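[1] the following comprises the amino acid sequence and a computationally predicted model.
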2 protein chains.
Amino acid sequence: MTGRRTRVMLADDHTLVRGGIRKILEGQPGIEVVAEAADGAAALDLVGSTEADVLVLDLKMPGTDGIDVLRAAKAIRPGLKVVILTMHAGQEYVARAVKGGADAYLLKDSAVQDLVAAVSAVMAGQTYFSPAIQQQLAGLLRNGGQPPSGTQTLTDREREVLTWLARGLSSKEVAKELNISVRTVETHRANLMHKLGVKSVAVLIQVAMREGIIDPTP
Amino acid sequence: MTGRRTRVMLADDHTLVRGGIRKILEGQPGIEVVAEAADGAAALDLVGSTEADVLVLDLKMPGTDGIDVLRAAKAIRPGLKVVILTMHAGQEYVARAVKGGADAYLLKDSAVQDLVAAVSAVMAGQTYFSPAIQQQLAGLLRNGGQPPSGTQTLTDREREVLTWLARGLSSKEVAKELNISVRTVETHRANLMHKLGVKSVAVLIQVAMREGIIDPTP
DNA sequence: CCGGATCTCCGTACTTGTACGGAGGCCGCT
DNA sequence: AGCGGCCTCCGTACAAGTACGGAGATCCGG
């Protein structure tokens, strides 16, 4: 629109996928890819050192929580537009990404043209969300703002307990870890089960992984 | 090599990733992409209906077990070369893929040129494996053939119990499901824990997902 | 044919998790 | 100040999982 090409940075841990996205974007006349990163830390380095207009960010990268990268990127360079590109449509994920200032949220099973459209949209100061994501957003808005409808948002403490549970600690061990009573951990655990609507630890873990609440243990 | 271009089919559930891979391959002079599929069933349809030399197959697709697709594809058209392209390097995954007749096994964090090299290799009647995969294979071969070293292979029954556990059933419920005693289920459960080297159901589920033994509950 | 692996079942003792229900302190918002 | 959400802790009773160790049946391959 401005006559200058849009400069894009890519952050995705899968080299091959990153390369493919690059090819797609480079096929567009108005877009040029100026940098790539394979993890959150490298992405933030780029944000600080490279002049770019848009960051295409995969939320699922080893080590770092993608949402933290998003927030940090926006803090470092508020004018930077961020397009979230992930395979997860979990409510927790979406809610935290939007609150973190994401300008677009695309699923990896979107059409190729959607990616281009998303980049164009954010450059025009607009937002862009995949259809599935728009539904999530509608659900979020309907309920006032923060608390999603079906899946309730977890409290910080619950999320913390959950991550330790995911690492295989028993309630007793989590209690020691957090210096709280076993009963308290059990309360959090019960609340987690209820909030996520599951009845076993096995499914709890899977839901948590799918929603992007925890990352797999390496 | 033959003067004719290599015809490639793509099977990956993520449209955007698929599109990217297509762009990468189409940038190569000797390669043309002749078809795409978003799930296992569609991939098998293509194998039956389309003349192609190579199938680039993502093992993680909704609904179908990628290994089954691999085996079926080889059964339908034995001459077809199959390049596995996935983000999982789990031993179970690799072992089953190789036994299923995979000609190449690439990780999604491979370099772009590795994909091209893999396609060329299988067309020349050779195999191609990512470095990380080669290590897994070495481990497999060292132990005679079937039983991997660190992670032991699971028996069919154990895998069966595991999938039910992953769906949230208690030992008692699994026992009813399989018409066996609760004690037996508990034995299998204990063996699973030992074989996979974990001490909690939470980690068990994660390892199982990472190794490709179970697929996430939808 | 025998050994090994697998699947099956059992008991017992102990540890954990689950399901109730109740309660006080803290903090932010109205 | 009052309200509500969150975090914290408690008891009790029952269900489930864990850790031992043992054993018979089948099936397959050497």
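    Cool, got the structure.
[2] then A:Met193 would be within a helix, right?
    Yes. A:Met193: assigned to a helix according to DSSP: H, G, I helix; E, B strand; the rest coil.
[3] show me the contacts for it.
    A:199, A:204 (CB atoms under 8 Å, 6 or more residues apart in numbering or on different chains). In short, each C-beta sits where N, CA and C put it, glycine included.
[4] how many neighbours does A:Lys155 have?
    Check again: residue A:155 is Thr, not Lys. Using other CB atoms under 10 Å in any protein chain shown, A:Thr155 has 13 neighbouring residues.
[5] enumerate every residue touching the residue nearest to the spatial centre of chain A.
    For chain A, A:Leu59 is the residue whose C-alpha lies nearest the centre (CA atoms, centre = their mean; 3.9 Å). By CB under 8 Å, 6+ apart, A:Leu59 lies in contact with A:66-67, A:70, A:84, A:86, A:88, A:93, A:97, A:212.
[6] how much space between it and chain B?
    14 Å (CB to the nearest CB, to the nearest Å).
[7] can you show me the strands along chain A?
    Under the criterion DSSP state E, strands of chain A are mapped to A:6-11, A:31-37, A:54-57, A:81-86, A:104-107, A:128-129.
[8] report the buried members of the contacts of A:Leu59.
    A:66-67, A:70, A:84, A:86, A:88, A:93, A:97, A:212 (16 or more other CB atoms under 10 Å in any protein chain shown).
[9] right, and A:Ala11 touches A:Gly40 too?
    Yes. Under the criterion of CB atoms under 8 Å, A:Ala11 makes contact with A:Gly40 at 7.5 Å.
[10] now do the buried residues in stretch A:179-191.
    Quick answer for stretch A:179-191 (16+ other CB under 10 Å): A:185, A:187-189, A:191.
[11] what's next to that stretch, contact-wise?
    By CB under 8 Å, 6+ apart, stretch A:179-191 touches A:157-158, A:161, A:165, A:171-172, A:174-175, A:178.
[12] before we move on, what's the pLDDT of A:Val47?
    A:Val47 is assigned a pLDDT of 94 by the prediction.
[13] can I assume it is in contact with A:Gly79?
    No. A:Val47 is beyond contact range of A:Gly79, at 11.1 Å (criterion: CB under 8 Å).
[14] these two - which one has more neighbours?
    Shown here are A:Val47 and A:Gly79; by other CB under 10 Å, A:Val47 has more neighbours (24 against 6).
[15] for A:Val34, see how far away the more buried one is.
    12 Å (CB to CB, to the nearest Å).
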